[in-house]
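> Would you be able to build a 3D model of this:
(one chain, ligands or ions: 1)
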Amino acid sequence: MKRESVGRVKTECYHPSDHLILESGEKLSNLTIAYETYGNLNKEKNNAIMVCHALSGDSHAAGWHLRDGKTGWWDILIGPGKCLDTEKYFIICSNILGGCKGTTGPSSINNTTGKQYGLDFPIITIKDMVNAQRKLLDHLDIKQLFAVIGGSMGGMQVLEWCVSYPEMVRMAIPIATSAYSSPQQIAFNEVGRRAIISDSKWNNGKYYDLEFPDDGLALARMIAHITYLSNESMYEKFGRRLQDKSEYSFEFSTDFQVESYLHYQGSSFTKRFDANSYLYITKAIDYFDLTENGSLEEAFKNIKTKFLVISIDSDWLYPPSQSKEILMALIANDVDVNYYEIKSSSGHDAFLLEGGQLNYIISNFLSHSLVRDVMSHHVIQISNNSSIKDASQLMISENITHIPVVSEEDKIEGIVTAWDISKAVALNYHNLEEIMTRDVIIALPDDAIEVSARKMREYNISSLPVVDDTGRVIGIITTDHISNLLAGNYK
Ligand code: SAM
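Model prediction:
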(Lines give C-alpha, C1' and ligand atoms only; values in the text may rest on other atoms or scores of the structure.)
Protein backbone atom coordinates (compact mmCIF):
# COMPACT_ATOMS: atom_id res chain seq x y z
CA MET A 1 0.00 0.00 0.00
CA LYS A 2 1.21 3.47 -0.83
CA ARG A 3 2.45 5.47 2.15
CA GLU A 4 0.58 8.71 2.51
CA SER A 5 0.36 11.72 4.79
CA VAL A 6 -2.44 12.25 7.30
CA GLY A 7 -2.82 15.69 5.68
CA ARG A 8 -3.71 18.84 7.52
CA VAL A 9 -3.95 18.48 11.30
CA LYS A 10 -4.67 20.66 14.29
CA THR A 11 -3.72 20.63 17.96
CA GLU A 12 -6.47 20.17 20.53
CA CYS A 13 -6.35 21.18 24.18
CA TYR A 14 -7.82 19.31 27.11
CA HIS A 15 -8.31 21.04 30.47
CA PRO A 16 -8.94 18.43 33.19
CA SER A 17 -11.31 19.74 35.85
CA ASP A 18 -9.31 18.16 38.68
CA HIS A 19 -5.66 18.55 39.63
CA LEU A 20 -2.72 16.27 38.99
CA ILE A 21 -0.93 14.91 42.05
CA LEU A 22 2.76 14.79 41.26
CA GLU A 23 5.31 12.23 42.39
CA SER A 24 6.83 14.93 44.61
CA GLY A 25 3.48 15.17 46.44
CA GLU A 26 2.70 18.61 44.98
CA LYS A 27 -0.61 19.30 43.27
CA LEU A 28 -0.79 20.90 39.86
CA SER A 29 -4.12 22.52 39.03
CA ASN A 30 -5.45 24.33 35.95
CA LEU A 31 -3.69 21.79 33.81
CA THR A 32 -3.79 21.99 30.02
CA ILE A 33 -2.82 19.03 27.86
CA ALA A 34 -2.15 19.79 24.20
CA TYR A 35 -2.60 16.82 21.89
CA GLU A 36 -3.13 15.70 18.34
CA THR A 37 -4.92 12.61 17.07
CA TYR A 38 -4.82 10.92 13.67
CA GLY A 39 -7.13 8.21 12.34
CA ASN A 40 -10.40 7.10 13.95
CA LEU A 41 -11.13 5.47 17.26
CA ASN A 42 -13.13 2.31 16.55
CA LYS A 43 -16.40 1.41 18.28
CA GLU A 44 -14.65 -0.93 20.73
CA LYS A 45 -12.07 1.80 21.49
CA ASN A 46 -9.32 -0.79 21.27
CA ASN A 47 -7.21 0.58 18.40
CA ALA A 48 -5.56 3.54 20.17
CA ILE A 49 -1.80 3.95 20.00
CA MET A 50 -0.09 6.48 22.27
CA VAL A 51 2.99 8.08 20.73
CA CYS A 52 5.37 9.55 23.33
CA HIS A 53 7.77 12.27 22.25
CA ALA A 54 11.38 12.92 23.18
CA LEU A 55 12.97 15.90 24.98
CA SER A 56 12.46 18.54 22.32
CA GLY A 57 9.43 17.03 20.56
CA ASP A 58 5.79 18.05 20.84
CA SER A 59 2.28 16.86 20.07
CA HIS A 60 2.65 17.55 16.35
CA ALA A 61 3.83 14.07 15.37
CA ALA A 62 2.33 13.77 11.87
CA GLY A 63 0.67 15.64 9.06
CA TRP A 64 0.92 19.28 8.30
CA HIS A 65 0.07 22.29 10.44
CA LEU A 66 -1.49 25.31 8.89
CA ARG A 67 -0.21 27.34 11.87
CA ASP A 68 3.52 26.79 11.41
CA GLY A 69 3.54 24.98 8.06
CA LYS A 70 5.55 22.11 9.52
CA THR A 71 5.26 18.36 9.06
CA GLY A 72 5.16 16.29 12.25
CA TRP A 73 8.35 14.93 13.80
CA TRP A 74 7.36 11.28 13.11
CA ASP A 75 5.62 11.81 9.79
CA ILE A 76 7.80 9.02 8.36
CA LEU A 77 5.94 6.49 10.55
CA ILE A 78 2.41 7.86 10.95
CA GLY A 79 -0.18 7.90 8.16
CA PRO A 80 -2.10 5.63 5.79
CA GLY A 81 0.08 2.67 4.76
CA LYS A 82 2.83 3.49 7.29
CA CYS A 83 3.55 1.35 10.34
CA LEU A 84 1.38 3.55 12.57
CA ASP A 85 -1.34 3.17 9.97
CA THR A 86 -4.11 5.70 10.45
CA GLU A 87 -6.49 3.48 8.43
CA LYS A 88 -6.24 0.95 11.27
CA TYR A 89 -5.16 2.78 14.39
CA PHE A 90 -6.17 5.87 16.31
CA ILE A 91 -2.90 7.66 17.04
CA ILE A 92 -2.61 10.06 19.99
CA CYS A 93 0.36 12.26 20.75
CA SER A 94 0.31 14.80 23.58
CA ASN A 95 2.88 17.40 24.53
CA ILE A 96 4.55 16.32 27.77
CA LEU A 97 3.94 17.89 31.13
CA GLY A 98 6.63 20.54 31.65
CA GLY A 99 6.85 21.20 27.91
CA CYS A 100 6.35 24.47 26.09
CA LYS A 101 4.08 23.49 23.21
CA GLY A 102 0.66 23.84 24.76
CA THR A 103 0.80 21.53 27.78
CA THR A 104 1.33 23.16 31.17
CA GLY A 105 4.98 23.89 31.88
CA PRO A 106 7.18 26.57 33.46
CA SER A 107 6.30 29.10 30.74
CA SER A 108 2.54 28.71 31.44
CA ILE A 109 0.66 31.24 33.51
CA ASN A 110 0.44 30.38 37.19
CA ASN A 111 -3.13 31.30 38.14
CA THR A 112 -2.16 32.27 41.69
CA THR A 113 0.31 34.96 40.54
CA GLY A 114 -1.01 35.78 37.07
CA LYS A 115 2.58 35.42 35.79
CA GLN A 116 4.57 32.62 34.18
CA TYR A 117 5.56 29.93 36.68
CA GLY A 118 9.31 30.08 36.04
CA LEU A 119 10.99 28.23 38.91
CA ASP A 120 7.70 28.13 40.86
CA PHE A 121 6.76 25.28 38.55
CA PRO A 122 7.06 22.03 40.54
CA ILE A 123 9.70 19.44 39.71
CA ILE A 124 8.13 16.80 37.48
CA THR A 125 9.05 13.21 36.61
CA ILE A 126 8.51 10.81 33.73
CA LYS A 127 5.78 9.18 35.82
CA ASP A 128 4.01 12.55 36.14
CA MET A 129 4.14 12.91 32.33
CA VAL A 130 2.53 9.48 31.98
CA ASN A 131 -0.10 10.34 34.60
CA ALA A 132 -1.03 13.44 32.59
CA GLN A 133 -1.37 11.23 29.47
CA ARG A 134 -3.53 8.88 31.53
CA LYS A 135 -5.89 11.78 32.27
CA LEU A 136 -6.15 12.45 28.55
CA LEU A 137 -7.03 8.80 27.90
CA ASP A 138 -9.76 8.94 30.56
CA HIS A 139 -11.12 12.02 28.81
CA LEU A 140 -11.13 10.14 25.48
CA ASP A 141 -12.79 7.20 27.28
CA ILE A 142 -10.01 4.78 26.28
CA LYS A 143 -9.56 2.02 28.84
CA GLN A 144 -6.70 0.22 27.17
CA LEU A 145 -4.04 1.16 24.61
CA PHE A 146 -3.46 -1.10 21.66
CA ALA A 147 0.16 0.07 21.85
CA VAL A 148 2.44 2.70 23.28
CA ILE A 149 5.53 3.74 21.36
CA GLY A 150 8.33 6.29 21.69
CA GLY A 151 12.05 6.89 21.30
CA SER A 152 14.63 8.30 23.71
CA MET A 153 12.72 10.02 26.54
CA GLY A 154 9.57 8.85 24.73
CA GLY A 155 10.83 5.29 25.33
CA MET A 156 11.11 6.05 29.05
CA GLN A 157 7.43 7.01 29.05
CA VAL A 158 6.65 3.74 27.23
CA LEU A 159 8.39 1.74 29.98
CA GLU A 160 6.73 3.82 32.71
CA TRP A 161 3.31 3.15 31.15
CA CYS A 162 3.90 -0.61 31.31
CA VAL A 163 5.11 -0.50 34.92
CA SER A 164 2.50 1.98 36.23
CA TYR A 165 -0.50 0.67 34.29
CA PRO A 166 0.27 -2.93 33.27
CA GLU A 167 -3.39 -3.68 32.46
CA MET A 168 -3.72 -0.69 30.15
CA VAL A 169 -1.08 -1.49 27.52
CA ARG A 170 -1.31 -4.40 25.10
CA MET A 171 1.90 -3.75 23.16
CA ALA A 172 4.91 -1.58 23.88
CA ILE A 173 7.69 -0.35 21.62
CA PRO A 174 10.50 1.44 23.48
CA ILE A 175 13.15 2.69 21.03
CA ALA A 176 16.74 3.80 21.77
CA THR A 177 16.08 4.25 25.45
CA SER A 178 16.95 3.07 28.93
CA ALA A 179 15.12 1.99 32.08
CA TYR A 180 17.26 4.46 34.06
CA SER A 181 19.56 7.36 33.28
CA SER A 182 23.24 6.48 33.38
CA PRO A 183 25.86 8.74 35.00
CA GLN A 184 27.04 9.74 31.52
CA GLN A 185 23.51 10.75 30.49
CA ILE A 186 23.04 12.73 33.72
CA ALA A 187 26.43 14.38 33.16
CA PHE A 188 25.51 15.63 29.68
CA ASN A 189 22.18 16.94 30.96
CA GLU A 190 23.87 18.77 33.81
CA VAL A 191 26.33 20.50 31.45
CA GLY A 192 23.34 21.64 29.38
CA ARG A 193 21.53 22.95 32.45
CA ARG A 194 24.66 24.79 33.64
CA ALA A 195 24.94 26.45 30.24
CA ILE A 196 21.42 27.87 30.71
CA ILE A 197 21.80 28.77 34.38
CA SER A 198 25.15 30.50 33.72
CA ASP A 199 23.54 32.79 31.16
CA SER A 200 22.97 36.05 33.09
CA LYS A 201 19.78 36.58 31.07
CA TRP A 202 18.34 33.44 32.63
CA ASN A 203 17.79 35.56 35.77
CA ASN A 204 16.71 32.68 38.05
CA GLY A 205 14.09 31.65 35.53
CA LYS A 206 12.38 35.06 35.53
CA TYR A 207 13.11 36.15 31.97
CA TYR A 208 9.70 36.00 30.34
CA ASP A 209 9.17 39.79 30.36
CA LEU A 210 12.86 40.44 29.76
CA GLU A 211 15.48 39.05 27.42
CA PHE A 212 15.47 35.34 26.62
CA PRO A 213 18.61 33.40 27.72
CA ASP A 214 19.28 32.30 24.15
CA ASP A 215 23.08 31.94 24.53
CA GLY A 216 22.65 29.45 27.37
CA LEU A 217 19.90 27.44 25.68
CA ALA A 218 21.75 27.41 22.35
CA LEU A 219 24.89 26.10 24.06
CA ALA A 220 22.85 23.41 25.87
CA ARG A 221 21.40 22.32 22.52
CA MET A 222 24.82 22.30 20.82
CA ILE A 223 26.20 19.96 23.49
CA ALA A 224 23.14 17.71 23.32
CA HIS A 225 23.19 17.67 19.54
CA ILE A 226 26.70 16.16 19.52
CA THR A 227 25.35 13.25 21.59
CA TYR A 228 22.56 12.63 19.06
CA LEU A 229 25.02 12.04 16.19
CA SER A 230 27.74 9.44 15.72
CA ASN A 231 31.38 10.08 14.85
CA GLU A 232 30.72 8.30 11.56
CA SER A 233 27.71 10.46 10.67
CA MET A 234 29.74 13.59 11.51
CA TYR A 235 32.48 12.41 9.14
CA GLU A 236 29.81 11.74 6.49
CA LYS A 237 28.09 15.10 6.99
CA PHE A 238 31.07 17.44 7.54
CA GLY A 239 34.42 15.65 7.45
CA ARG A 240 37.03 18.29 8.22
CA ARG A 241 35.60 20.63 5.61
CA LEU A 242 35.87 24.37 6.22
CA GLN A 243 32.89 26.70 6.21
CA ASP A 244 32.94 29.35 3.46
CA LYS A 245 36.75 29.47 3.40
CA SER A 246 39.67 27.55 2.01
CA GLU A 247 42.19 28.17 4.81
CA TYR A 248 42.21 28.28 8.58
CA SER A 249 41.40 31.72 9.95
CA PHE A 250 43.98 31.57 12.77
CA GLU A 251 41.44 33.17 15.07
CA PHE A 252 38.43 31.96 17.09
CA SER A 253 35.80 32.54 14.45
CA THR A 254 34.01 29.59 12.82
CA ASP A 255 36.41 27.53 10.72
CA PHE A 256 34.80 24.12 10.30
CA GLN A 257 31.43 23.14 8.82
CA VAL A 258 30.63 21.15 11.94
CA GLU A 259 30.99 24.29 14.05
CA SER A 260 28.69 26.25 11.78
CA TYR A 261 26.15 23.40 11.85
CA LEU A 262 26.13 23.31 15.65
CA HIS A 263 25.73 27.09 15.86
CA TYR A 264 22.77 26.85 13.52
CA GLN A 265 21.21 23.99 15.55
CA GLY A 266 21.69 25.96 18.78
CA SER A 267 20.25 29.23 17.58
CA SER A 268 17.26 27.71 15.76
CA PHE A 269 16.40 25.75 18.91
CA THR A 270 16.07 28.97 20.93
CA LYS A 271 13.28 30.08 18.56
CA ARG A 272 11.14 27.06 19.39
CA PHE A 273 11.95 25.97 22.93
CA ASP A 274 11.77 27.39 26.42
CA ALA A 275 14.95 27.43 28.54
CA ASN A 276 13.13 26.60 31.78
CA SER A 277 11.32 23.68 30.10
CA TYR A 278 14.76 22.39 29.12
CA LEU A 279 15.84 22.47 32.78
CA TYR A 280 12.72 20.71 34.06
CA ILE A 281 12.60 18.03 31.38
CA THR A 282 16.28 17.10 31.62
CA LYS A 283 15.84 16.84 35.41
CA ALA A 284 12.91 14.45 34.86
CA ILE A 285 15.15 12.34 32.60
CA ASP A 286 17.91 12.28 35.25
CA TYR A 287 15.49 11.15 37.98
CA PHE A 288 14.15 8.33 35.81
CA ASP A 289 15.06 4.99 37.35
CA LEU A 290 12.64 2.08 37.15
CA THR A 291 14.82 -0.37 39.08
CA GLU A 292 13.42 -1.67 42.36
CA ASN A 293 16.00 -2.52 45.00
CA GLY A 294 18.54 -2.21 42.21
CA SER A 295 16.74 -4.79 40.11
CA LEU A 296 15.03 -4.18 36.77
CA GLU A 297 13.71 -7.73 36.80
CA GLU A 298 11.84 -6.92 40.00
CA ALA A 299 10.48 -3.68 38.51
CA PHE A 300 9.02 -5.59 35.55
CA LYS A 301 7.34 -8.33 37.62
CA ASN A 302 3.76 -7.20 36.88
CA ILE A 303 4.23 -6.43 33.20
CA LYS A 304 1.62 -8.05 30.96
CA THR A 305 2.46 -6.19 27.78
CA LYS A 306 3.93 -7.70 24.62
CA PHE A 307 7.18 -5.89 23.77
CA LEU A 308 9.27 -4.89 20.78
CA VAL A 309 12.54 -3.39 22.07
CA ILE A 310 14.50 -1.46 19.43
CA SER A 311 18.04 -0.12 19.68
CA ILE A 312 20.43 1.54 17.20
CA ASP A 313 23.89 0.08 16.61
CA SER A 314 25.65 3.49 16.37
CA ASP A 315 23.81 5.10 19.31
CA TRP A 316 26.33 5.90 22.03
CA LEU A 317 23.96 8.08 24.09
CA TYR A 318 21.43 5.26 24.65
CA PRO A 319 23.57 2.33 23.54
CA PRO A 320 22.17 -1.11 22.62
CA SER A 321 23.53 -2.45 25.95
CA GLN A 322 20.80 -0.47 27.77
CA SER A 323 18.08 -1.88 25.51
CA LYS A 324 19.49 -5.38 26.06
CA GLU A 325 19.21 -4.83 29.80
CA ILE A 326 15.49 -4.09 29.30
CA LEU A 327 15.23 -7.17 27.08
CA MET A 328 16.87 -9.46 29.67
CA ALA A 329 14.68 -8.19 32.52
CA LEU A 330 11.56 -8.79 30.40
CA ILE A 331 12.71 -12.29 29.42
CA ALA A 332 13.37 -13.06 33.10
CA ASN A 333 9.71 -12.25 33.73
CA ASP A 334 8.49 -14.46 30.85
CA VAL A 335 7.24 -11.43 28.93
CA ASP A 336 6.63 -11.96 25.21
CA VAL A 337 9.43 -9.80 23.81
CA ASN A 338 11.10 -9.19 20.43
CA TYR A 339 14.37 -7.33 19.99
CA TYR A 340 15.71 -5.52 16.95
CA GLU A 341 18.90 -3.53 16.47
CA ILE A 342 18.65 -0.93 13.71
CA LYS A 343 21.67 -0.69 11.44
CA SER A 344 22.44 2.96 10.93
CA SER A 345 25.36 5.36 11.00
CA SER A 346 23.12 8.20 12.28
CA GLY A 347 23.61 7.56 16.02
CA HIS A 348 20.78 8.28 18.47
CA ASP A 349 18.95 10.42 15.88
CA ALA A 350 18.30 7.29 13.79
CA PHE A 351 14.99 6.79 15.61
CA LEU A 352 13.76 9.91 13.78
CA LEU A 353 15.37 9.07 10.45
CA GLU A 354 15.42 5.35 9.64
CA GLY A 355 11.91 5.16 8.20
CA GLY A 356 12.58 2.05 6.11
CA GLN A 357 13.71 -0.26 8.90
CA LEU A 358 11.33 1.19 11.49
CA ASN A 359 8.26 0.90 9.23
CA TYR A 360 9.14 -2.68 8.40
CA ILE A 361 9.77 -4.01 11.92
CA ILE A 362 7.02 -2.03 13.65
CA SER A 363 4.28 -2.87 11.14
CA ASN A 364 5.24 -6.55 11.31
CA PHE A 365 5.10 -6.47 15.09
CA LEU A 366 1.78 -4.63 15.31
CA SER A 367 0.01 -6.62 12.63
CA HIS A 368 0.81 -9.93 14.30
CA SER A 369 -1.96 -9.32 16.79
CA LEU A 370 -3.49 -12.26 18.51
CA VAL A 371 -7.08 -12.78 19.53
CA ARG A 372 -6.06 -12.23 23.17
CA ASP A 373 -4.74 -8.77 22.24
CA VAL A 374 -8.06 -7.47 20.97
CA MET A 375 -10.85 -9.60 22.53
CA SER A 376 -13.25 -8.30 25.20
CA HIS A 377 -12.46 -9.95 28.52
CA HIS A 378 -15.88 -9.10 29.87
CA VAL A 379 -18.18 -11.83 28.52
CA ILE A 380 -21.85 -12.17 29.40
CA GLN A 381 -22.70 -15.86 29.54
CA ILE A 382 -25.86 -17.77 30.36
CA SER A 383 -26.32 -21.18 31.92
CA ASN A 384 -27.80 -23.99 29.82
CA ASN A 385 -30.85 -24.37 32.07
CA SER A 386 -32.00 -20.77 31.57
CA SER A 387 -35.13 -19.87 29.63
CA ILE A 388 -35.38 -18.13 26.29
CA LYS A 389 -36.92 -15.20 28.17
CA ASP A 390 -33.81 -15.00 30.42
CA ALA A 391 -31.63 -14.88 27.33
CA SER A 392 -33.70 -12.21 25.58
CA GLN A 393 -33.84 -10.07 28.73
CA LEU A 394 -30.06 -10.35 29.08
CA MET A 395 -29.60 -9.28 25.46
CA ILE A 396 -31.71 -6.19 26.02
CA SER A 397 -30.20 -5.21 29.39
CA GLU A 398 -26.60 -5.73 28.21
CA ASN A 399 -27.20 -4.48 24.66
CA ILE A 400 -25.65 -7.60 23.12
CA THR A 401 -26.74 -10.01 20.39
CA HIS A 402 -24.55 -13.10 21.09
CA ILE A 403 -24.46 -15.03 24.38
CA PRO A 404 -22.32 -18.15 24.96
CA VAL A 405 -24.27 -20.87 26.80
CA VAL A 406 -22.26 -22.66 29.51
CA SER A 407 -22.61 -25.79 31.62
CA GLU A 408 -22.58 -25.93 35.42
CA GLU A 409 -18.80 -26.42 35.16
CA ASP A 410 -18.63 -23.22 33.11
CA LYS A 411 -17.69 -25.13 29.94
CA ILE A 412 -19.01 -23.90 26.59
CA GLU A 413 -22.11 -25.80 25.47
CA GLY A 414 -23.55 -23.58 22.78
CA ILE A 415 -24.32 -20.07 21.63
CA VAL A 416 -27.60 -18.17 21.39
CA THR A 417 -28.11 -15.05 19.33
CA ALA A 418 -30.84 -12.50 18.68
CA TRP A 419 -31.44 -14.34 15.41
CA ASP A 420 -32.22 -17.56 17.40
CA ILE A 421 -34.61 -15.66 19.70
CA SER A 422 -36.65 -14.45 16.74
CA LYS A 423 -36.76 -18.05 15.49
CA ALA A 424 -38.07 -19.13 18.93
CA VAL A 425 -40.84 -16.52 18.79
CA ALA A 426 -41.84 -17.60 15.29
CA LEU A 427 -41.84 -21.31 16.15
CA ASN A 428 -43.10 -20.99 19.74
CA TYR A 429 -40.07 -22.64 21.45
CA HIS A 430 -39.50 -22.15 25.21
CA ASN A 431 -36.24 -23.79 26.17
CA LEU A 432 -32.85 -22.39 25.39
CA GLU A 433 -31.68 -25.91 24.60
CA GLU A 434 -34.17 -26.00 21.69
CA ILE A 435 -32.77 -22.97 19.93
CA MET A 436 -29.11 -22.64 20.84
CA THR A 437 -26.44 -23.65 18.33
CA ARG A 438 -24.37 -26.50 19.74
CA ASP A 439 -21.62 -26.60 17.17
CA VAL A 440 -19.95 -23.43 18.33
CA ILE A 441 -17.27 -21.89 16.17
CA ILE A 442 -14.73 -20.66 18.68
CA ALA A 443 -11.48 -18.71 18.72
CA LEU A 444 -8.38 -19.58 20.71
CA PRO A 445 -6.59 -16.77 22.57
CA ASP A 446 -3.35 -17.36 20.66
CA ASP A 447 -4.96 -17.45 17.21
CA ALA A 448 -3.91 -14.65 14.86
CA ILE A 449 -6.81 -12.26 14.43
CA GLU A 450 -6.78 -12.98 10.69
CA VAL A 451 -7.79 -16.60 11.49
CA SER A 452 -10.83 -15.43 13.46
CA ALA A 453 -11.75 -12.94 10.74
CA ARG A 454 -11.63 -15.75 8.16
CA LYS A 455 -13.87 -18.01 10.31
CA MET A 456 -16.45 -15.25 10.77
CA ARG A 457 -16.51 -14.55 7.05
CA GLU A 458 -16.72 -18.23 6.15
CA TYR A 459 -19.64 -18.99 8.52
CA ASN A 460 -21.33 -15.58 8.13
CA ILE A 461 -21.25 -14.91 11.87
CA SER A 462 -20.20 -11.79 13.69
CA SER A 463 -18.91 -13.11 17.00
CA LEU A 464 -16.71 -15.94 18.33
CA PRO A 465 -16.43 -16.95 21.97
CA VAL A 466 -12.76 -17.22 22.98
CA VAL A 467 -12.20 -20.46 24.81
CA ASP A 468 -9.19 -21.69 26.81
CA ASP A 469 -7.84 -25.25 26.67
CA THR A 470 -10.23 -26.40 29.42
CA GLY A 471 -13.31 -25.27 27.43
CA ARG A 472 -14.03 -22.20 29.56
CA VAL A 473 -15.05 -18.97 27.87
CA ILE A 474 -12.42 -16.32 28.61
CA GLY A 475 -13.43 -13.65 26.10
CA ILE A 476 -15.37 -12.79 23.02
CA ILE A 477 -14.20 -11.41 19.70
CA THR A 478 -16.50 -9.66 17.24
CA THR A 479 -16.21 -8.17 13.78
CA ASP A 480 -16.17 -4.75 15.45
CA HIS A 481 -13.04 -5.70 17.39
CA ILE A 482 -11.10 -6.41 14.27
CA SER A 483 -12.64 -4.42 11.43
CA ASN A 484 -10.26 -1.48 11.87
CA LEU A 485 -7.22 -3.57 12.69
CA LEU A 486 -7.55 -5.48 9.45
CA ALA A 487 -8.53 -2.47 7.38
CA GLY A 488 -8.34 -3.30 3.71
CA ASN A 489 -8.56 -7.05 4.36
CA TYR A 490 -11.75 -7.20 6.35
CA LYS A 491 -14.70 -4.93 6.01
N1 SAM B 1 -24.42 -13.04 10.97
C2 SAM B 1 -25.36 -13.08 12.03
C3 SAM B 1 -24.72 -13.33 13.41
O4 SAM B 1 -23.56 -13.77 13.54
O5 SAM B 1 -25.41 -13.10 14.35
C6 SAM B 1 -26.53 -14.05 11.81
C7 SAM B 1 -26.41 -15.15 10.82
S8 SAM B 1 -26.02 -16.73 11.40
C9 SAM B 1 -26.71 -17.70 10.10
C10 SAM B 1 -27.12 -17.05 12.72
C11 SAM B 1 -26.84 -18.36 13.37
O12 SAM B 1 -25.46 -18.47 13.65
C13 SAM B 1 -27.57 -18.49 14.70
O14 SAM B 1 -28.28 -19.72 14.74
C15 SAM B 1 -26.49 -18.49 15.74
O16 SAM B 1 -26.76 -19.35 16.85
C17 SAM B 1 -25.29 -19.00 14.94
N18 SAM B 1 -24.03 -18.52 15.47
C19 SAM B 1 -23.69 -17.29 15.78
N20 SAM B 1 -22.43 -17.28 16.27
C21 SAM B 1 -21.99 -18.55 16.22
C22 SAM B 1 -20.77 -19.19 16.55
N23 SAM B 1 -19.74 -18.53 17.05
N24 SAM B 1 -20.69 -20.52 16.40
C25 SAM B 1 -21.70 -21.21 15.89
N26 SAM B 1 -22.86 -20.66 15.53
C27 SAM B 1 -23.01 -19.36 15.70
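
> what's the spacing between the residue in the stretch 151-300 of the chain positioned nearest to the ligand and residue 88?
The minimum distance from the stretch 151-300 of the chain to the ligand, using CB to the nearest ligand atom, falls at residue 170 (23.3 Å). No exception for glycine: its C-beta is placed from N, CA and C like everyone else's. Applying CB to CB, to the nearest Å, the value for residue 170 to residue 88 is 14 Å.

> Looking at those two, which one has more neighbours?
The neighbour count for residue 170 versus residue 88, taken as other CB atoms under 10 Å, is higher for residue 88 (25 against 22).

> which regions of the stretch 301-450 of the chain sit below the pLDDT cut-off?
Within the stretch 301-450 of the chain, no stretch has pLDDT under 70.

> What segments of it are helices?
Using DSSP state H, counting those that start in this stretch, the helices of the stretch 301-450 of the chain run over 320-332, 350-353, 355-367, 371-374, 388-398, 418-427, 432-435, 449-459.

> tell me which residues in stretch 369-382 are buried?
By 16 or more other CB atoms under 10 Å, the buried positions in stretch 369-382 come out as 369-376, 379-382.

> ditto for stretch 315-327
Buried-residue list, stretch 315-327, by 16+ other CB under 10 Å: 315, 317-320, 322-323, 325-327.

> Residue 77 is in contact with residue 366, correct?
No. Counting by CB atoms under 8 Å, residue 366 stays clear of residue 77, with 11.0 Å between them.

> just to revisit the earlier point, let me know the secondary structure of the residue of the stretch 151-300 of the chain closest to the ligand.
Classification of residue 170 using DSSP: H, G, I helix; E, B strand; the rest coil returns strand.

> residues from the stretch 351-491 of the chain in reach of the ligand?
401-402, 415, 417, 419-420, 437, 439-441, 460-464 (CB under 6 Å from any ligand atom).

> returning to that earlier point: adding distance to the ligand as columns, could you present the buried residues of stretch 315-327 in TSV?
Formatted as TSV, those follow (distance: CB to the nearest ligand atom, whole Å):
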residue	distance to the ligand
315	48
317	52
318	47
319	50
320	46
322	46
323	42
325	44
326	40
327	39
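
> Out of these, which comes closest to residue 135?
residue 326 (26.3 Å; CB to CB).

> what's near enough to touch the closest one?
Contacts of residue 326 were listed using CB atoms under 8 Å, 6 or more residues apart in numbering, and they are 159, 174, 177-179, 296, 309.

> Take the residues you listed and keep only those in strands.
For the contacts of residue 326, the ones inside strands are 174, 309, with DSSP state E as the criterion.

> who's sitting farthest from the centroid in the chain?
Taking CA atoms, centre = their mean, the residue of the chain most remote from its mean C-alpha position is residue 428, at 53.0 Å.

> isn't residue 219 right next to residue 267, touching?
No. With contact defined as CB under 8 Å, residue 219 does not reach residue 267; the gap is 10.4 Å.

> Compare the two (neighbour count), which wins?
The neighbour count for residue 219 versus residue 267, taken as other CB under 10 Å, is higher for residue 219 (20 against 15).

> what about that one, which SS state?
What three-state DSSP gives for residue 219 is helix.

> got the contact list for the nearest residue to it once chain neighbours are set aside?
Once flanking residues are discounted, residue 219 sits nearest to residue 195: 3.9 Å by CB to CB, 6 or more residues apart in numbering. By CB under 8 Å, 6+ apart, the contact set of residue 195 is 216-217, 219-220, 223.

> same thing with residue 202?
196, 213, 216, 275.

> Which members of those are positioned in helices?
196, 216, 275 (DSSP state H).

> Can I get those residues in a markdown table including pLDDT, neighbour count and distance to residue 468?
As requested, the ones in helices among the contacts of residue 202 are exported to a markdown table (pLDDT from 0 to 100; neighbours: other CB atoms under 10 Å; distance: CB to CB, whole Å):
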| residue | pLDDT | neighbour count | distance to residue 468 |
| --- | --- | --- | --- |
| 196 | 98 | 24 | 56 |
| 216 | 98 | 25 | 60 |
| 275 | 98 | 26 | 56 |
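
> Just give me the closest of these to residue 287.
Nearest to residue 287, judged by CB to CB, of the ones in helices among the contacts of residue 202 is residue 196 at 17.9 Å.

> residue contacts, the nearest residue to the closest one once chain neighbours are set aside?
Nearest-residue entry for residue 196: residue 216, 3.9 Å, with adjacent residues in sequence omitted and distances by CB to CB, 6+ apart. Residue 216 makes contact with 195-199, 201-202, 275 under the criterion CB under 8 Å, 6+ apart.

> Name the residues linked to the closest residue to the ligand within the stretch 201-350 of the chain by a beta bridge.
Nearest residue of the stretch 201-350 of the chain to the ligand: residue 306, at 25.8 Å (CB to the nearest ligand atom). Note on residue 306: beta-bridge partners by DSSP bridges are residue 171.

> I'd say it and residue 337 touch.
Yes. Between residue 306 and residue 337 there is a contact at 7.5 Å, judged by CB under 8 Å.

> Who has more neighbours out of those two?
For residue 306 and residue 337, the more surrounded residue by other CB under 10 Å is residue 306, and the numbers stand at 22 against 19.

> Tell me which residues touch that one, please.
170-172, 335-337, 373.

> roughly how far apart are it and residue 370?
Distance of residue 306 to residue 370, computed by CB to CB: 8 Å.

> ok, back up a step: include distance to residue 72 when you put the contacts of residue 195 into JSON lines, please.
Output for the contacts of residue 195, formatted as JSON lines (distance: CB to CB, whole Å):
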{"residue": "216", "distance to residue 72": "28"}
{"residue": "217", "distance to residue 72": "23"}
{"residue": "219", "distance to residue 72": "28"}
{"residue": "220", "distance to residue 72": "24"}
{"residue": "223", "distance to residue 72": "26"}
